[in-house]
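Student: Coordinates only, no sequence provided:
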């Protein structure tokens, strides 16, 4: 089992920045590929970004390219999502996810991931 706890969400003005963090426990963190998804009200979760076990392979959704950056610190068992130039359209609940099947995968699909955090709300005001 893997436990994931997100933090860092909140209210920010358009153009501002937030850094989300996801702390993992229960499994060797360096064996996990990690991802971030977000869910808009009344919608399915959608892919935001992912990172392989060693941080060398990343992927991100077109809607966040150039603004959001995913990174990880295996020594601290944490993955971050740095979000810059935030827009009201980024308002959503953000979820951290862990893939313990393929450490090199940067999967964009929910079914690529085995464990999920509880989510953290990000609200961007205009």
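Tutor: Thanks, I have it. Fair warning: this is a prediction, and the values are worked out from it, not measured in the lab.
Student: just the helices in the chain please.
Tutor: In the chain, no segments count as helices under DSSP state H.
Student: so where do the strands sit in it?
Tutor: 3-7, 10-13, 18-25, 33-39, 45-51, 58-60, 68-73, 78-83, 92-99, 115-116, 120-125 (DSSP state E).
Student: and for stretch 96-116, what are the contacting residues?
Tutor: Residues from elsewhere that reach stretch 96-116, judged by CB atoms under 8 Å, 6 or more residues apart in numbering: 1-4, 6, 20, 22, 24, 27, 30-37, 45, 47, 50-54, 57-59, 61, 79, 95, 117. Just so you know, the C-beta spots here come from the backbone N, C-alpha and C atoms, and that holds for glycine as well.
Student: any idea which residue sits dead centre in this protein?
Tutor: Taking CA atoms, centre = their mean as the criterion, residue 36 is the residue nearest the geometric centre of the chain, at 2.3 Å.
Student: Can you name the residues that contact it?
Tutor: 20, 22, 48-50, 70, 79, 81, 94-97 are the contacts of residue 36 under CB under 8 Å, 6+ apart.
Student: Show me the one in those that has more neighbours than the rest.
Tutor: Per-residue neighbour counts (other CB atoms under 10 Å) across those peak at residue 79, which has 30 neighbours.
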